[in-house]
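In: need a structure here:
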Amino acid sequence: MGRFIARRLLFGVVVLFVISLAVFVLFFVVAPGDPAANFVGKSPTPEQIQQAKVRYGLDKPVPEQYLQYVGRLLHGDLGYSFRNAEPVRKTLLDRLPATASLAGGAAVVWLLMGIPIGILAATKPRSIRDRLATVFALGGLSIPPFVAGLLLLYFLYYRLSLNGLDIFPASGYVPLTQNPFEWARHLILPWFALALVTAASYSRITRGSLLEVLGEDYIRTARAKGLSERRVIYRHGLRSALTPVVTLLGIDVGTLLGGAIVTEVVFGLQGIGQNAIVAVSTGDLPVIFGTVLFAAFFIVIANILVDIAYAVLDSRVRLA
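Out: Residues are numbered from 1 along each chain as shown. Here you go, the predicted structure:
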């Protein structure tokens with residue numbers, strides 16, 4: 001198991017190296033205009049351009065620029081935002097709790113919704129509950145997250161507020177350490193806005209995977225031994241059927257940690273996604289550059305965790 005994890009970590013380092021090289025070429029080499037001027041926003045002063053040249057080593061040959069760039073990354077230096085007047089790392093870390101709370105909570109909600117619906121549909125295929133699960137999946141996949149968010153705001157905030165019921169806030173974020181109850185209350189609507197759409201995919205994937213596993217020979221053997229149907233499904237079938245679900249979960253959570261842009265904008269959450277929108281509109285290239293690397297890092301880490309989860313769910317993976 002240790003060698004398996006070491007190989008996956010080494011592969012993750014290689015992927016991060018390739019991503020860092022691609023980002024360097026994109027932002028420092030082939031970007032139009034003066035790279036130093038690009039990194040200090042719109043209408044920069046000559047002093048700001050000179051500061052950027054010195055900070056990023058843009059007055060040196062490209063290979064030396066790249067070595068300095070890698071050195072800065074290894075020390076956690078993602079650049080300096082002249083708009084925010086602070087390091088990009090601080091800007092992203094200040095907004096990470098809101099994005100992490102949104103991504104983690106939404107993942108829990110869509111798993112609690114999608115997996116049970118998929119199991120119910122797979123254990124009784126072509127039944128009424130299977131058809132209802134199909135309707136849920138088709139409906140969920142047809143609603144974009146921002147539409148689901150606006151509908152939730154209209155019915156559970158605006159309509160209830162008109163009747164004097166202030167249950168769900170419309171926007172904002174309260175840190176978990178400050179007030180856990182208010183933290184959850186401010187995030188319930190964003191969680192469900194993401195989960196209602198994503199749970200539809202998870203229910204279909206769980207159904208299809210579990211149906212395939214329940215047709216395997218070892219499942220028939222377990223039934224022939226006289227094991228209860230509940231034990232056959234949950235002890236023997238579900239563990240193997242969750243492999244594709246784990247794959248999708250790693251990708252989804254990694255992507256959300258990079259910034260759930262639309263949901264953060266709709267609900268006014270001061271997260272990484274909303275910060276990226278402001279950076280694009282103001283031409284704050286260091287923040288855009290840092291956000292890309294930040295998102296890539298989380299996606300790579302999520303995929304490493306998925307590979308480890310594979311090895312836990314299916315022992316055959318460790319032998320590959």
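In: could you chop this protein up by domain?
Out: What automatic domain parsing lists as the domains of the chain is 2-77, 95-319.
In: and of the ones you listed, who's closest to residue 89?
Out: domain 2-77 (5.6 Å; CB to CB). To be clear about C-beta, it is placed using only N, CA and C from the backbone, and glycine gets the same treatment.
In: show me how far the closest one is from its chain's centre.
Out: Relative to its chain's centre, domain 2-77 lies at 23 Å (CA atoms, centre = their mean, to the nearest Å).
In: first-to-last residue distance for that domain?
Out: 31 Å (CA to CA, to the nearest Å).
In: do the same with stretch 217-232
Out: Stretch 217-232: ends 12 Å apart by CA to CA.
In: how about stretch 224-237?
Out: Stretch 224-237 has an end-to-end distance of 15 Å (CA to CA).
In: so what touches it?
Out: By CB atoms under 8 Å, 6 or more residues apart in numbering, the residues outside stretch 224-237 that reach it are 119, 123, 210, 213-214, 218-219, 222-223.
In: for the record, mean pLDDT for that stretch?
Out: The average of the pLDDT scores along stretch 224-237 is 86.
In: may I see the buried residues of that stretch?
Out: 232-233, 236-237 (16 or more other CB atoms under 10 Å).
In: take those and write them to TSV, including distance to residue 89.
Out: Formatted as TSV, those follow (distance: CB to CB, whole Å):
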residue	distance to residue 89
232	50
233	47
236	47
237	45
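In: any low-confidence regions in the stretch 1-150 of the chain?
Out: Counting by pLDDT under 70, the ranges of the stretch 1-150 of the chain that qualify are 1, 41.
In: cutoff 50 now
Out: For the stretch 1-150 of the chain, no stretch is flagged by pLDDT under 50.
In: can you pull out the strands in it?
Out: Here the stretch 1-150 of the chain has its strands, by DSSP state E, counting those that start in this stretch, at 80-81, 86-87.
In: and of those, who's closest to residue 183?
Out: Residue 183 sits nearest to strand 86-87 of all the strands of the stretch 1-150 of the chain, at 24.8 Å, using CB to CB.
In: not counting that closest one itself, show me its contacts.
Out: Contacts of strand 86-87 (CB under 8 Å, 6+ apart): 77-81.
In: could you rerun that using 10 Å?
Out: 76-81, 93-94, 286, 290 (CB atoms under 10 Å, 6 or more residues apart in numbering).
In: out of those, who's nearest residue 39?
Out: So of the contacts of strand 86-87, ranked by how close each gets to residue 39 (CB to CB), first place is residue 286, at 5.6 Å.
In: so which strand or helix has that closest one?
Out: Applying DSSP states H and E as the criterion places residue 286 in helix 285-313.
In: what does residue 281 give?
Out: helix 272-282.
In: list the buried residues for that helix?
Out: Across helix 272-282, burial judged by 16+ other CB under 10 Å covers 272-276, 279.
In: show me what that helix is packed up against.
Out: Packing partners of helix 272-282 (3 or more CB pairs under 10 Å, 6 or more residues apart in numbering; DSSP states H and E): strand 80-81, helix 88-123, helix 243-257, helix 261-266, helix 285-313.
In: got the ones you listed as TSV, with mean neighbour count and distance to residue 130 columns?
Out: Conversion of the helices and strands packed on helix 272-282 to TSV gives the following (neighbours: other CB atoms under 10 Å; distance: least, CB to CB, whole Å):
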stretch	mean neighbour count	distance to residue 130
strand 80-81	24	52
helix 88-123	20	4
helix 243-257	19	18
helix 261-266	22	30
helix 285-313	20	25
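In: and these as CSV, adding distance to residue 35?
Out: Compiled in CSV, these are given as follows (distance: least, CB to CB, whole Å):
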stretch, distance to residue 35
strand 80-81, 14
helix 88-123, 16
helix 243-257, 28
helix 261-266, 26
helix 285-313, 9
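In: tell me which of these sits nearest to residue 3.
Out: For those, proximity to residue 3 was assessed by CB to CB; helix 285-313 is nearest, at 10.8 Å.
In: off-centre distance for the closest one?
Out: 9 Å.
In: now do it: which elements does it pack against?
Out: Against helix 285-313 (3+ CB pairs under 10 Å, 6+ apart) you get helix 2-24, helix 35-38, helix 46-56, strand 80-81, helix 88-123, helix 238-241, helix 243-257, helix 272-282.
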